[in-house]
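>>> sequence plus the predicted model coming up.
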Amino acid sequence: MPTKHQEMQRIIRHYRETKGVSEWDMHDVVKFAVGMGFPLPAPISPLDRLAKEFSQAAREELRHDRNTGRPYRANHAYRTMQGAQQTTFWVDIDEAPRKPMVKSLVQRREQTVGDMLQLTFDAEHWNRIHPKEEPIVIPTDLTDDVEWRKNSPDENEQAS
């Protein structure tokens, strides 16, 4: 029995074949799927929707370091298990104890490593199936990139 996501993947392939497209908008795929009888999900509760909006607002809050002037995220999330349920907690970086801050930063690093691993697999696959094209090389050591960005002019300063 296919999972819900496997069924969605099948519908995406069917949409691409039916429409003859190599690029697509997921809204169009969803309309296509619903037209085929794929059920719309139950709407999220107003409380869940508002919690997502507050989470986004928390992620976007930046402050500036008094000594360096560099921006930093004010609020940090970390996932933890409470019984059998995964829960996300938030901490203010200026008040956070070490343990939840380490957990938050390590989880974000793990997300980055996972993204880089999959990016590498994707590039390797594309290069293998397109041997006559110039290979796409994606460096995985981001040390120089981070240093360049840390030392690039602030966009706000350039505007003034």
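The structure has been received and is ready for your questions. Numbering: from 1, shown residues only.

>>> from Phe32, how far out is Gln6?
From Gln6 over to Phe32 the distance is 17 Å, taken as CB to CB, to the nearest Å. Bear in mind the C-beta positions are built from the backbone N, C-alpha and C, glycine included.

>>> hey, which helix or strand in the protein has the poorest pLDDT?
Least confident helix or strand, the chain: helix 155-159 with a mean of 54, by mean pLDDT, DSSP states H and E.

>>> okay, Gln6 and Phe32: which has more neighbours?
Neighbour comparison, Gln6 and Phe32: the larger count goes to Phe32, with 17 against 10 (by other CB atoms under 10 Å).

>>> pull the contacting residues for that one.
Applying CB atoms under 8 Å, 6 or more residues apart in numbering to Phe32 gives the contacts Ile11, Tyr15, Thr18, Lys19.

>>> got CSV for the residues you listed, with neighbour count too?
Rendered in CSV, the data for the contacts of Phe32 read as follows (neighbours: other CB atoms under 10 Å):
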residue, neighbour count
Ile11, 17
Tyr15, 19
Thr18, 10
Lys19, 12
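
>>> nearest to Arg149, of those residues?
Tyr15 (38.0 Å; CB to CB).

>>> tell me how far that closest one lies from Lys4.
With the distance defined as CB to CB, Tyr15 ends up 16 Å from Lys4.

>>> same question for Ser152.
Ser152 sits at a distance of 43 Å from Lys4 (criterion: CB to CB).

>>> got it, and Gly69?
The gap separating Gly69 from Lys4 is 47 Å, by CB to CB.

>>> over to Pro43?
Using CB to CB, which is the criterion applied here, Pro43 is 17 Å from Lys4.

>>> ok, now Val29?
15 Å.

>>> how's this protein carved up into domains?
Each domain of the chain is listed here as a residue range: 1-41, 42-152, per automatic domain parsing.
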